[in-house]
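In: Okay, here's the prediction I keep looking at, along with the sequence it came from:
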Amino acid sequence: MQSIRKETTFSKVSASLADRELGDADLLSEISEIVKLKAFNIISHLLMPSGSKVAIIGSKNVTLSYAIASLNPRMNFTAIDLDPKAVKRGNDRFKRPNLKFKKKDIAHIDEDGEKYDAIINVDILHEAYSAGNYNARIVESVLEAQFGALKTGGSMLIYDHVEPPQGEAFVLMEFPEGKDEDIERLIWFSEHARPLHPKGCRGFFLEEISPRFPKTRLFRMPHKWACEYVLRKDTTSLWKASLSQELTFFDERAYRETIWKCGGRVQYSAPQWNNRRIKSCFQGQFRLLDENGQALGFPSTSYMLVAQKIEKGGELRIREHRPVNSDTLSDINITAMRNDKTGEVQEVVSMNQNYTEVLAYAVDSANRVTVFVEENVDKGIINTRKPGIKNIDGRSWSGHMVCVPKVPSDVFNEAHAEDSPRKTIELMREYTGLETVLGEKFEEGPKFYPAPDYIEDRIETYFTQVKSDVQGRKSIKGYDAQDLLRAIHCGYVPNIRLEMQINALLEKLGLFVGGILSDEAPAIPAKQAVEEILLTEEELEEKKFEKKTKFTKARGKYDQLRAKNSVFAREAFDDGHASRIGADEMSYVINNDCINKAVILPLTRDLSGDVLAGFQFQEVPVPNRYGGDSTMLSLPGFNLPPEIKNIDQAKRFIAEKLDTSPEMVSQLGPSYFEHMDVTPQRIFPFAVAMKPGGKSWTKGRYAPVSKLYRINKLDCTDSFLWVIGLTQKMCGPDSDLYAAYSNMDMHNIRDEKVTPMSTISSDGGYSKKEPA
């Protein structure tokens with residue numbers, strides 16, 4: 001398979017692949033980039049085996065269905081619509097081998113007895129709600145019928161809008177001077193909203209109150225209706241045509257409880273913010289405040305929900321039920337470690353049992369890689385309910401996660417020591433039910449320290465090739481590596497370690513796969529004189545011969561880690577509500593009384609224009625415990641205080657810390673969990689374009705981005721380069737930052753561009769790496 005090199009636009013990549021598959025390169029080029037980005041976002045949340053049958057509901061925009069089917073030709077799609085013209089247009093104009101259009105009612109999609117592996121509802125449920133005279137029961141009946149057409153274990157995706165929490169609570173909307181047209185539209189909307197109601201019941205409460213500042217106007221209204229106005233205020237051509245539609249018809253709780261009634265588990269839900277739309281339509285146009293004048297951040301521009309149809313009485317979610325008053329921790333131990341050089345003490349948590357992760361895979365004749373993972377693994381620790389814990393990005397999970405199968409390390413090491421294919425077969429049969437390829441043994445993969453500063457765990461990974469035609473245990477599922485990577489990058493699977501394991505496997509196999517997506521590229525830093533000494537490979541090599549820092553046990557408790565015992569309940573749906581069907585006692589820790597931590601990638605440019613990434617050396621105790629060097633490369637980071645309630649506030653907090661503006665702070669992908677077996681702590685990665693003449697970053701060192709992969713390959717560094725990889729792929733082809741990255745290939749240092757995030761291939765195809 002030929003490598004894809006230096007493709008610089010969405011249309012070039014997708015059209016070339018469409019031409020290869022369909023002989024019609026014009027179809028994808030006719031579809032707007034907004035629709036294709038939306039399709040990519042949706043398909044990234046659809047984690048299903050190849051060959052799955054998927055229904056797309058709400059397909060009047062047939063181009064979206066075509067884009068979805070193009071982005072994953074391994075699945076078979078049926079686009080369903082009641083409009084015969086839309087169905088005919090789809091079948092006549094937008095043909096694909098894995099796509100067909102059918103005329104059906106959205107509540108009777110199984111009238112011919114057809115069952116689906118997945119169903120996708122795209123912007124259709126709010127239409128059903130509104131057409132039913134704003135009746136929630138209409139939505140319930142539609143979803144109930146659709147779950148009847150879904151196979152047990154199948155997935156349902158809902159892409160729509162969500163009402164904010166406490167939507168009827170009053171908020172303030174502040175307009176700057178010069179927004180008279182927007183204000184007139186708001187007043188008109190407050191009088192005419194919900195036109196299907198009797199005249200006296202239309203509209204919503206709106207009042208103008210005294211402004212806080214000169215040259216502004218201030219209005220008070222329910223939060224829900226502020227969001228309704230904001231979501232439609234810039235769609236001038238559709239303003240009156242969509243007046244009857246109520247976009248934010250359900251809040252997150254209503255979605256969840258409706259899905260439960262229909263026999264589904266809400267695996268994942270997340271409000272989403274389209275940063276391009278926010279920058280062009282929201283920023284500088286208005287501010288949303290609570291009644292005390294505190295900024296609320298911008299409303300989400302869409303909402304994603306992933307549900308799974310479960311058997312009657314199956315688990316809905318796992319979450320903390322109550323604390324256990326006990327001085328004995330059931331699963332973990334805490335030890336204080338003293339730095340012999342500085343005298344500083346760091347508490348370290350260790351588990352009573354360590355595990356080795358075994359990533360099984362299969363490769364087909366087209367070089368597509370299937371990766372076998374374990375589904376619905378109990379990770380209830382992520383759903384703790386401690387006071388002051390803020391879910392600042394609104395994302396939530398049921399507690400059932402996708403993970404690499406694991407084996408107790410002592411058992412694995414004993415079997416691996418024999419270096420025998422027979423032992424490999426026996427171990428894989430016992431723990432996964434999979435059959436290894438004849439003569440296959442375990443191959444060493446990457447090792448990771450999830451949190452080398454305070455969690456005593458080194459995750460060791462091993463690979464083994466298995467037969468794709470042998471079914472493993474019920475919980476073991478095989479997914480295309482591309483689909484798993486997409487699910488991680490969109491945040492559905494919050495497991496950054498799995499991404500690094502898959503990338504390491506692909507590198508071992510000599511393959512590369514692109515297709516990451518983000519709408520927020522890091523800001524381009526201004527040129528400046530970089531005072532910090534640039535780190536060279538030679539200097540880093542010399543560090544391996546310096547005297548090593550040691551950590552030894554220290555007496556006493558230092559209260560850096562809060563260790564807790566709690567009962568975590570498993571809930572099922574019974575008699576109209578969630579009831580507890582079982583519980584387990586588990587221990588976990590919270591580091592420094594904080595649940596949310598920002599990890600920062602500082603970016604700057606020297607006077608010659610080269611983009612530099614910052615990092616720091618850190619003395620950490622955990623590698624010492626494994627016989628390694630305590631000096632590691634890491635990115636700077638700090639805890640986000642409890643008063644930070646959303647991502648906008650986090651950006652402002654980071655900007656103030658680093659003496660720059662919030663516009664220079666960008667998210668580097670979604671948050672992820674640091675170690676789901678030990679702590680609910682989440683990591684929020686950001687890139688920060690450092691301000692010339694701003695506060696110096698005292699511990700900082702800089703290196704050209706193109707050199708960081710080489711540096712990271714040396715023994716004394718930590719596995720942080722995924723952040724650099726995200727930075728590179730998020731930068732478009734016209735970006736100065738992208739140009740600086742163009743010589744770095746994450747898997748092999750060559751003069752070959754990695755496909756940036758702004759380019760999306762129709763099949764996310766693998767590229768066969770050429771020998772170095």
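Out: Structure's in. What do you need?

In: so what strands line up beside the host helix or strand of Gln681?
Out: In the assignment (DSSP states H and E), Gln681 maps to strand 679-689. Sheet partners assigned to strand 679-689 using DSSP bridges are listed as strand 596-605 (parallel), strand 665-667 (antiparallel), strand 672-675 (antiparallel).

In: Of all these, which one comes closest to Asp469?
Out: strand 672-675 (33.3 Å; Cβ to Cβ). All C-beta spots, glycine's among them, are computed from the backbone N, C-alpha and C.

In: who's in contact with the closest one?
Out: The contact list for strand 672-675 (Cβ atoms under 8 Å, 6 or more residues apart in numbering) reads 379, 382, 450-451, 455, 457, 494-496, 597, 679-683.

In: Ala128 falls within a helix, correct?
Out: Yes - secondary structure of Ala128 (DSSP: H, G, I helix; E, B strand; the rest coil): part of a helix.

In: Can you report how many residues neighbour Gly627?
Out: For Gly627, the neighbour count with other Cβ atoms under 10 Å is 6.

In: about what we covered before: can you add mean pLDDT and give the strands paired with strand 679-689 back as a markdown table?
Out: Shown next, in a markdown table, are the strands paired with strand 679-689 (pLDDT from 0 to 100):
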| stretch | mean pLDDT |
| --- | --- |
| strand 596-605 | 88 |
| strand 665-667 | 90 |
| strand 672-675 | 92 |
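
In: and those as JSON lines, adding mean neighbour count?
Out: As requested, those are arranged in JSON lines below (neighbours: other Cβ atoms under 10 Å):
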{"stretch": "strand 596-605", "mean neighbour count": "22"}
{"stretch": "strand 665-667", "mean neighbour count": "23"}
{"stretch": "strand 672-675", "mean neighbour count": "21"}
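
In: Tabulate those strands (a markdown table), appending distance to Ala69.
Out: As requested, the strands paired with strand 679-689 are exported to a markdown table (distance: least, Cβ to Cβ, whole Å):
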| stretch | distance to Ala69 |
| --- | --- |
| strand 596-605 | 36 |
| strand 665-667 | 29 |
| strand 672-675 | 29 |
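
In: Any idea which of these gets closest to Phe175?
Out: Of the strands paired with strand 679-689, nearest to Phe175 by Cβ to Cβ is strand 665-667, at 25.2 Å.

In: the strands in the stretch 151-300 of the chain, which residues?
Out: 170-176, 207-209, 216-222, 264-272, 287-289 (DSSP state E, counting those that start in this stretch).

In: Deepest-packed of the ones you listed, please.
Out: With neighbours taken as mean count of other Cβ atoms under 10 Å, those reach their highest mean count in strand 264-272, at a mean of 23.

In: Neighbouring strands - and their directions - for that one?
Out: strand 302-309 (antiparallel), strand 396-397 (antiparallel).

In: Can you add mean neighbour count, mean pLDDT and distance to Ser587 and give these back as a markdown table?
Out: Listed next are these as a markdown table, based on neighbours: other Cβ atoms under 10 Å; pLDDT from 0 to 100; distance: least, Cβ to Cβ, whole Å:
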| stretch | mean neighbour count | mean pLDDT | distance to Ser587 |
| --- | --- | --- | --- |
| strand 302-309 | 23 | 97 | 28 |
| strand 396-397 | 21 | 96 | 20 |
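
In: Same list (those) but as JSON lines, adding distance to Ser608.
Out: JSON lines is the format used below for the strands paired with strand 264-272 (distance: least, Cβ to Cβ, whole Å):
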{"stretch": "strand 302-309", "distance to Ser608": "42"}
{"stretch": "strand 396-397", "distance to Ser608": "45"}
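
In: Please name whichever of these is nearest to Pro198.
Out: strand 302-309 (29.5 Å).

In: what about the closest one, distance to the chain center?
Out: Offset of strand 302-309 from its chain centre (Cα atoms, centre = their mean, to the nearest Å): 13 Å.

In: Just the residues contacting it, thanks.
Out: Against strand 302-309 from outside (Cβ under 8 Å, 6+ apart): 41-42, 45, 147, 150-162, 255, 259, 263-272, 274, 492.

In: which ones among those are found in helices?
Out: Of these, the ones assigned to helices by DSSP state H are Asn41, Ile42, Phe147, Tyr255, Ile259.

In: With pLDDT and distance to Ser666 added, can I get those residues in CSV?
Out: As requested, those are exported to CSV (pLDDT from 0 to 100; distance: Cβ to Cβ, whole Å):
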residue, pLDDT, distance to Ser666
Asn41, 94, 18
Ile42, 96, 23
Phe147, 96, 39
Tyr255, 97, 29
Ile259, 96, 33
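
In: end-to-end on stretch 670-690?
Out: By Cα to Cα, to the nearest Å, the extent of stretch 670-690 from end to end equals 22 Å.

In: buried stuff in it?
Out: 670-690 (16 or more other Cβ atoms under 10 Å).

In: The closest residue to Phe568 other than its chain neighbours: neighbour count?
Out: The shortest distance from Phe568 to any non-neighbouring residue, by Cβ to Cβ, 6 or more residues apart in numbering, is to Gly380 (4.0 Å). Number of residues near Gly380 (other Cβ under 10 Å) recorded here: 27.

In: Likewise for Pro164?
Out: Pro164 has 22 nearby residues by other Cβ under 10 Å.

In: what sits against it?
Out: Pro164 touches His223, Lys224, Cys227, Thr248, Asp251, Pro299, counting by Cβ under 8 Å, 6+ apart.

In: Farthest-apart pair in these, please.
Out: Farthest pair in those (Cβ to Cβ) is Asp251 and Pro299. Separation: 12.6 Å.

In: Looking at the two, which one has more neighbours?
Out: Taking neighbours as other Cβ under 10 Å, Asp251 and Pro299 compare with Pro299 leading, 23 against 16.

In: give me phi/psi at Val139?
Out: Phi and psi for Val139, reported as degrees, to the nearest 10, are phi -60, psi -40.

In: Would you check that Gln471 makes contact with Glu435?
Out: No - if you go by Cβ atoms under 8 Å, Gln471 and Glu435 don't touch, sitting 9.5 Å apart.

In: the more surrounded of those two?
Out: When neighbours are counted by other Cβ under 10 Å, Gln471 and Glu435 differ, and Glu435 comes out ahead with 18 against 11.

In: Roughly how far does the more buried one sit from Asp419?
Out: Separation of Glu435 from Asp419 (Cβ to Cβ, to the nearest Å) stands at 19 Å.
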